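**Q** Okay, here's the prediction I keep looking at, along with the sequence it came from:
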Amino acid sequence: MKKFISGILIAAMLTSVLCACNNGENQSDTSQSENSANSSQQTVTTEAMAAQITTQPATEPNYENTNYVAPIPQKNQKYKFEEISLDEAATSSGYSMSDSNFRISEIYENGEYLVVNVMYSNYNSTSNFCAYNVIFDLEGNMVANLSNISLNEGYGKSGQICGIYGDCIIIKFDTPIRSEEKFALYNLKTKELKYIDSEYSSPKIDNGVIVFGKNEENLYKYGALDLDLNEIIPAEYDWLSLASPALFRAKKDEKYGLIDFNNKVVADFNYKEIIRFDGIYDGGAIQDFERNINKQTLAVDEEGKVFLIDQKGKISDLKFELSGGNFQYGRIVSQYDGKVYIRNENVISDTDGNVITDCLYFGNRGQGNYNRGFTNGYCVTEDNNKVYNLIDSKGNVIYSKSEDEYQISDFKSVDQNGLFAISYYSESNNDEVKTEFIDLRGNVVYTVQNDWIEQLGYGLFRQHKNKGKDTFYRITVE
């Protein structure tokens, strides 16, 4: 393996651009509970008793079981390729999937569920429009139709989801006036619904806590509630989101720090950026957060110096040089087999300075921006000769593909089931020619002609048809 000078990662020659925006960051599954204050035989004041109360997540990360690597299948593994019907997304609201006014605009996997965004728009009647979410399990069974819940609660038909954690979701009800928006916490299994006080605006469930905004004295600040709708973090931050199952990534006075569920500062507000502990700077790739929580992540100070920081806010002695202290999208930090890997633009190295790969495929095609770095144990590279390689965390080439008759339009990340897809197109007419589904032994599991395929995770795929309605498939082992 190649070495950096003195074993310290040097990447000053790299140029990357730090995205200043933040889209809420798809985040991992966690929960939290409140531990009762220790009992005492002595009389204590209410304030003293409150000081003893500690709000903690219900479970701490078990690092022995995290940093999941998708398994290489046994030889001669056989697969089933089956269609999943999502017709209930239409019929449960009184529509037909064949109705030209009805369409599925988006679908994504979140934990144990598929979230389907649907839209009905009758162009002959402007009043006959709605956009709502339907939730399915990964077997294709409908779990909830937010449109019907919204109607049952006396609101309009456009019921929307604002985050999902386990069996809990936040529902945004369809109201005619934006300033009168109503939100509620809903349990998909028990059907229990708890309204959120209107003082907490734009609530979004975030790994077992609910991040909210509040406009006070013309200043919009963020705080958090627990799942009993108790305020655990006051609205005093310029930005707030979970960095790990136990910590918030908070922004105050243009600087980031880490706080725990008791609003105790774990890492001082000294940084212009802190990467989440799943290593993802900006969302998008097919990730399995609960299996990929790093012991360490990166923090960038005002001078652009990059540091390893752990869950207790401790800074490592290792310091990294990065041009301007900037990042691009995707997975920045990964941890496998006890090693931490850092991705700087088109180079992935471990913290001992070993270069794992220096020709990472980041292209702007398809999900390229989000495929950067290790996903479920593997990353995609492309060299100057248009040779694509799937590489593991030890630098081994698991699969290689070169362009021949057709150009490669997209090489997907490995999903949680160890499957990935390669799409091809014809340069002469710039049309998709085919998509191949491949396992980690390099076996072509299935081939789809002509249509573009979207990879959803857990062996689930969406086929965007040129004519007619999209279809959804699941690949499972026999």
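**A** Looks like it came in fine. Quantities reported herein were computed from a predicted structural model and do not represent experimental measurements.

**Q** what is the rounded mean pLDDT of stretch 434-450?
**A** Mean per-residue pLDDT for stretch 434-450: 90.

**Q** That should have said stretch 404-411, apologies.
**A** On average, stretch 404-411 scores 82.

**Q** Likewise for stretch 184-196?
**A** 96.

**Q** Just the buried residues of that stretch, please?
**A** Residues of stretch 184-196 classed as buried by neighbour count (16 or more other C-beta atoms under 10 Å): 184-186, 188, 196. Quick note: C-beta positions are derived from backbone N, CA and C, even for glycine.

**Q** give me the element Ala421 is part of.
**A** Using DSSP states H and E, Ala421 maps to strand 419-426.

**Q** Ok, Arg103 next?
**A** strand 102-110.

**Q** Next, the buried residues of that strand.
**A** Buried, per 16+ other C-beta under 10 Å, within strand 102-110: 102, 104, 107-110.

**Q** Stretch 453-472 now?
**A** Here stretch 453-472 shows 453-463, 469, 471-472 as buried, counting by 16+ other C-beta under 10 Å.

**Q** cool, and stretch 169-189?
**A** 169-174, 182-186, 188.

**Q** Then stretch 202-219?
**A** 202-214.

**Q** Restricting the selection to alpha carbons, write that stretch to PDB.
**A** Extracted in PDB, the C-alpha atoms of stretch 202-219 (Å, rounded to 0.1, in the frame of the first residue of the first chain):
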ATOM      1  CA  SER A 202     -42.100  22.300  11.600                       C
ATOM      2  CA  PRO A 203     -41.400  19.300  13.900                       C
ATOM      3  CA  LYS A 204     -39.500  16.400  12.400                       C
ATOM      4  CA  ILE A 205     -38.800  13.100  14.100                       C
ATOM      5  CA  ASP A 206     -35.100  12.400  14.200                       C
ATOM      6  CA  ASN A 207     -34.100   9.000  15.600                       C
ATOM      7  CA  GLY A 208     -36.300   9.000  18.700                       C
ATOM      8  CA  VAL A 209     -36.400  12.700  19.300                       C
ATOM      9  CA  ILE A 210     -38.500  15.400  17.600                       C
ATOM     10  CA  VAL A 211     -36.500  18.500  16.400                       C
ATOM     11  CA  PHE A 212     -38.700  21.600  16.200                       C
ATOM     12  CA  GLY A 213     -38.300  25.300  15.300                       C
ATOM     13  CA  LYS A 214     -39.600  28.200  17.200                       C
ATOM     14  CA  ASN A 215     -39.900  31.900  16.300                       C
ATOM     15  CA  GLU A 216     -39.100  34.100  19.300                       C
ATOM     16  CA  GLU A 217     -38.500  37.800  19.000                       C
ATOM     17  CA  ASN A 218     -38.100  37.400  15.200                       C
ATOM     18  CA  LEU A 219     -35.300  34.900  15.700                       C
END
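
**Q** from the buried residues of strand 102-110, which is closest to Gly418?
**A** Glu109 (15.5 Å; C-beta to C-beta).

**Q** which residue packs closest to that closest one, ignoring adjacent ones?
**A** Gly457 (4.2 Å; C-beta to C-beta, 6 or more residues apart in numbering).

**Q** low-confidence ranges in the stretch 101-250 of the chain?
**A** 123-127 (pLDDT under 70).

**Q** where exactly do the helices run in it?
**A** Using DSSP state H, counting those that start in this stretch, the helices of the stretch 101-250 of the chain run over residues 146-152.

**Q** which residues in it form strands?
**A** 102-110, 113-121, 129-137, 142-145, 160-165, 168-172, 183-187, 193-195, 201-206, 209-216, 219-225, 231-237, 239-242, 247-252 (DSSP state E, counting those that start in this stretch).

**Q** do you know which of these lies nearest Tyr79?
**A** strand 102-110 (18.7 Å).

**Q** Verify the contact between Gly330 and Ile275 for me.
**A** No - between Gly330 and Ile275 there is no contact under C-beta atoms under 8 Å: 10.9 Å.

**Q** Which neighbours do the two have in common?
**A** Jointly contacting Gly330 and Ile275 under the rule C-beta atoms under 8 Å, 6 or more residues apart in numbering are Tyr281.

**Q** about what we covered before: so the strand holding Arg103 versus strand 113-121, what angle?
**A** 160 degrees (axes from the mean of the first three to the mean of the last three C-alpha atoms, to 10 degrees).

**Q** Residues in contact with strand 102-110: which ones?
**A** Against strand 102-110 from outside (C-beta under 8 Å, 6+ apart): 26, 86, 89-90, 95-96, 114-120, 131, 138, 164, 286, 456-458, 460, 462, 469-470, 472.
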